[in-house]
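Pasting the sequence and the predicted model now:
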2 protein chains.
Amino acid sequence: MTRRIDIVEVGPRDGLQNDPANLTVEQKLEFIARLEEAGVKRMESGSFVSPKAVPKMADSPAVFAGLDRSKPTRHIALALNEKGVRRAIDAKADEINFVLVASETFGRKNQGMSPQESADMLARCAPLVHEAGIPLSATISVAFGDPYDGEVDLGVVGNLAAQSQRAGVAELALGDTIGVADPWAVRRAIDRVRIEAPDVYLRMHFHDTRGQALANVAAAVDAGVDVIDASCGGIGGCPFAPAATGNVATEDVVYMLERGGFETGLDLSKLINTAKWLETVLKHPVSSALSKAGGFPVKERLIT
Amino acid sequence: MTRRIDIVEVGPRDGLQNDPANLTVEQKLEFIARLEEAGVKRMESGSFVSPKAVPKMADSPAVFAGLDRSKPTRHIALALNEKGVRRAIDAKADEINFVLVASETFGRKNQGMSPQESADMLARCAPLVHEAGIPLSATISVAFGDPYDGEVDLGVVGNLAAQSQRAGVAELALGDTIGVADPWAVRRAIDRVRIEAPDVYLRMHFHDTRGQALANVAAAVDAGVDVIDASCGGIGGCPFAPAATGNVATEDVVYMLERGGFETGLDLSKLINTAKWLETVLKHPVSSALSKAGGFPVKERLIT
């Protein structure tokens, strides 16, 4: 039997949040519709955070209001605090993804919280989500390295995972926010989190800043993780700052996994076409390899 | 004890062979000297093939004549036939790498040989190399897929490996010439070749056309392979044809492996500086991630 790997599309949130382009609500909804057409069943469709801190997500309520709810897609809203959680519930998010942080300085700068403060905030927010009857997931950001503090203690990551389990988080992502992980660190982190939070499903969230993201995805899949975050086109970096690349590209992950014998349920051609469409609305090239190189004939079936 | 992974630098051969730039012999020798300064101990420094087919390597005899032989570097010459082997021996190559081909159509177009004809040619050439007292290695090109024929039969790859062992090849590389391999295919190919040619050391040669090269390197290292081909800057693609990317970048491999706890003996800063120097002589950007993003502080030691 073919093993299934589920990809959570984060382009409409993590991708667009960092892109210099300002898409309209209509363009964001078209992006989401194109992703659904390519088979995406679960995606981060917006973020309920301070519009001052993240201006590109200020229109998330309008995006959620405009979603086509006849589709089976589960639309995830990102939140960092109680206000965000309440706004996400009001927007009828299908799932709320809370952000924890594994390191001090990044935590202070990104969300004004230490690692423990982010866990305390999760403990306060979780009951709201549970009462609303919505699935709760979480992402531990900078789990593999902090741009200011350097190495991150796996003990902190494990501790946050344990507190996530106690808060009733169903699925936890380990986030390599700045793209410094390597495949062996990925395995160590997964092993550690499995010990500390054995009842929580794992998801991985990799950025490709140092080109390591696909290797890290492969390591995670080999370690038994079945859910991977990715963004169509690999968007999420700033094309004017070449050091800042985005999320691992959905089409590159799909190519690797489908060619490797896994099933993703996604249509590679349609993803590539969506990446090319993105270039026309973002007005700059996207970074994915598959959108440039195209696929390769696999057995009887052309992956292209 | 730290596991050592040896990187064979192929930039001066596979990298420059496909680059639109025309470097002078002096520039090529400076590239080689910079790589030696970064710790490279083994590299493909030229190719003894038809100057008509590969004009950028027509000056390989001059490059070999200009090498600083006081350095411990082992300079590898690539050859496809008896004439090339004799020329490489005359040029005092420290090692000869012969090219086998795993698929019909690519073989006909690249070197005018079928897979078996390339193995027959190896059988004829090997005694010349052994008589000259030079180490003989070989690369099986398009081992993971042929751009014309599609999938490649692992039976052909295994058979070529067995014939390589009989011909006295000490080290055999599996080449993903067109960048279509995935980590699981890498493991299957390694397993098969180990059965068919148990006495031959393995090396892997990956192109990054579909972004999969680092994932494939990690899979190979996990499977026990200790030698990896890579090109500084990731050169080897044509920057004017975005689909054609080059070899996996040396600095990206070094970052992944050193951060993963392996030892390469290479200096990441000097490799990055060499990649940046390359941009000035090639007159176009190189593709490596590390030359853009830089490293990350690892424990007490800055990998940058």
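Thanks, I have the structure now. Residues are numbered from 1 along each chain as shown, chains lettered A, B, ... in the order given.

contacts and neighbour counts: CA atoms only from here.
Noted.

ok, and the closest residue to chain B within chain A, which helix or strand is that part of?
In chain A, no residue comes nearer to chain B than A:A215, which is 3.6 Å away by Cα to the nearest Cα. Element membership for A:A215 (DSSP states H and E) is helix A:213-222.

Which positions in chain A make contact with chain B?
Within reach of chain B by Cα under 8 Å from any Cα of the partner chain, chain A has these residues: A:150-151, A:180, A:182-185, A:209-212, A:214-216, A:218, A:242-244, A:252, A:256-257, A:259-260, A:288-290, A:292-299.

Restricted to helices, list the residues you listed.
A:183-185, A:214-216, A:218, A:252, A:256-257, A:259, A:290, A:292-293 (DSSP state H).

Neighbour-wise, which one of those leads?
Within those, most neighbours by other Cα atoms under 10 Å in any protein chain shown means A:A215, with 31 neighbours.

and the gap between that residue and A:L202?
Distance, A:A215 to A:L202, using Cα to Cα, to the nearest Å: 17 Å.

List of residues touching the helix holding A:A215?
For helix A:213-222, contacts defined as Cα atoms under 8 Å, 6 or more residues apart in numbering or on different chains pick out A:179, A:181-184, A:186-187, A:190, A:204, A:206-208, A:228, A:248, A:252-253, B:183, B:211-212, B:214-216, B:218.

possible to save the ones in helices among the residues of chain A next to chain B as a markdown table with pLDDT and distance to A:I134?
Compiled in a markdown table, those are given as follows (pLDDT from 0 to 100; distance: Cα to Cα, whole Å):
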| residue | pLDDT | distance to A:I134 |
| --- | --- | --- |
| A:P183 | 98 | 33 |
| A:W184 | 98 | 34 |
| A:A185 | 98 | 32 |
| A:L214 | 98 | 31 |
| A:A215 | 98 | 33 |
| A:N216 | 98 | 30 |
| A:A218 | 98 | 30 |
| A:D252 | 98 | 31 |
| A:M256 | 98 | 32 |
| A:L257 | 98 | 30 |
| A:R259 | 95 | 35 |
| A:L290 | 94 | 35 |
| A:K292 | 89 | 39 |
| A:A293 | 89 | 40 |
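
Export those residues as JSON lines, with columns for distance to B:V101.
Formatted as JSON lines, these follow (distance: Cα to Cα, whole Å):
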{"residue": "A:P183", "distance to B:V101": "31"}
{"residue": "A:W184", "distance to B:V101": "33"}
{"residue": "A:A185", "distance to B:V101": "36"}
{"residue": "A:L214", "distance to B:V101": "28"}
{"residue": "A:A215", "distance to B:V101": "27"}
{"residue": "A:N216", "distance to B:V101": "31"}
{"residue": "A:A218", "distance to B:V101": "28"}
{"residue": "A:D252", "distance to B:V101": "27"}
{"residue": "A:M256", "distance to B:V101": "24"}
{"residue": "A:L257", "distance to B:V101": "26"}
{"residue": "A:R259", "distance to B:V101": "22"}
{"residue": "A:L290", "distance to B:V101": "25"}
{"residue": "A:K292", "distance to B:V101": "26"}
{"residue": "A:A293", "distance to B:V101": "22"}
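
Angles on the backbone of A:F31, please.
With angles defined as degrees, to the nearest 10, A:F31 sits at phi -60, psi -50.

Now for it, how many residues are close by?
A:F31, neighbours per other Cα under 10 Å, totals 22.

quick one: which of the ones in helices among the residues of chain A next to chain B is nearest A:A58?
Nearest to A:A58 among those is A:D252, at 29.3 Å by Cα to Cα.

With adjacent residues omitted, what lies nearest to the closest one?
Nearest residue to A:D252, sequence neighbours excluded (Cα to Cα, 6 or more residues apart in numbering or on different chains): A:L290, at 5.7 Å.

Relative to A:T274, how far out is that neighbour?
To A:T274, A:L290 is 12 Å away according to Cα to Cα.

can you check A:A21 too?
Counting by Cα to Cα, the gap between A:A21 and A:T274 amounts to 16 Å.

of these two, who's got more company?
Between A:A21 and A:T274, counting by other Cα under 10 Å, A:T274 is the more crowded of the two (24 against 14).

Quick one: residues contacting the closest residue to A:L160 other than its chain neighbours.
With sequence-adjacent residues excluded and distances taken as Cα to Cα, 6+ apart, A:L160 is closest to A:A119, at 6.4 Å. By Cα under 8 Å, 6+ apart, the residues touching A:A119 are A:L100, A:L160, A:Q163, A:S164.

OK, contacts around A:V49?
A:M57, A:A58, A:L78, A:A79, A:L80, A:G84.

Is A:G175 within a helix or a strand, and which one?
Per DSSP H and E: strand A:171-176 holds A:G175.

That strand pairs with which strands, and in what direction?
Here strand A:171-176 is paired, per DSSP bridges, with strand A:136-141 (parallel), strand A:201-206 (parallel).

from those strands, which stretch is densest packed?
strand A:136-141 (a mean of 25; mean count of other Cα atoms under 10 Å in any protein chain shown).

got the contact list for that strand?
A:95-102, A:126, A:129-130, A:157, A:160, A:164, A:168-177.

how far out from the middle of the chain is the longest helix seen in chain A?
Using DSSP H, we find that the single longest helix of chain A is helix A:115-131. Put simply, helix A:115-131 sits 19 Å off its chain's centre (Cα atoms, centre = their mean, to the nearest Å).

Flag every buried residue along it.
Neighbour-count burial for helix A:115-131, with 16 or more other Cα atoms under 10 Å in any protein chain shown as criterion, is recorded at A:115-123, A:125-126, A:128-129.

Render the CA-only coordinates of that helix in PDB, please.
The C-alpha trace of helix A:115-131 is given here as PDB (Å, rounded to 0.1, in the frame of the first residue of the first chain):
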ATOM      1  CA  PRO A 115       9.300  30.200  25.300                       C
ATOM      2  CA  GLN A 116       7.500  29.700  28.600                       C
ATOM      3  CA  GLU A 117       5.300  32.700  28.100                       C
ATOM      4  CA  SER A 118       4.300  31.300  24.700                       C
ATOM      5  CA  ALA A 119       3.400  28.000  26.400                       C
ATOM      6  CA  ASP A 120       1.400  29.900  29.100                       C
ATOM      7  CA  MET A 121      -0.400  31.800  26.400                       C
ATOM      8  CA  LEU A 122      -1.200  28.500  24.700                       C
ATOM      9  CA  ALA A 123      -2.600  27.100  27.900                       C
ATOM     10  CA  ARG A 124      -4.900  30.200  28.200                       C
ATOM     11  CA  CYS A 125      -6.000  30.000  24.500                       C
ATOM     12  CA  ALA A 126      -6.500  26.300  24.200                       C
ATOM     13  CA  PRO A 127      -9.900  26.200  26.100                       C
ATOM     14  CA  LEU A 128     -11.300  28.800  23.800                       C
ATOM     15  CA  VAL A 129     -10.500  26.700  20.800                       C
ATOM     16  CA  HIS A 130     -11.700  23.500  22.400                       C
ATOM     17  CA  GLU A 131     -15.000  25.200  23.500                       C
END
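
quick one, that helix and strand A:136-141 angle?
160 degrees (axes from the mean of the first three to the mean of the last three Cα atoms, to 10 degrees).

just the strands in the stretch 1-150 of chain A please.
Taking DSSP state E, counting those that start in this stretch, the strands of the stretch 1-150 of chain A run over residues A:6-9, A:42-48, A:74-79, A:95-101, A:136-141.

I am finished for the moment; much appreciated.
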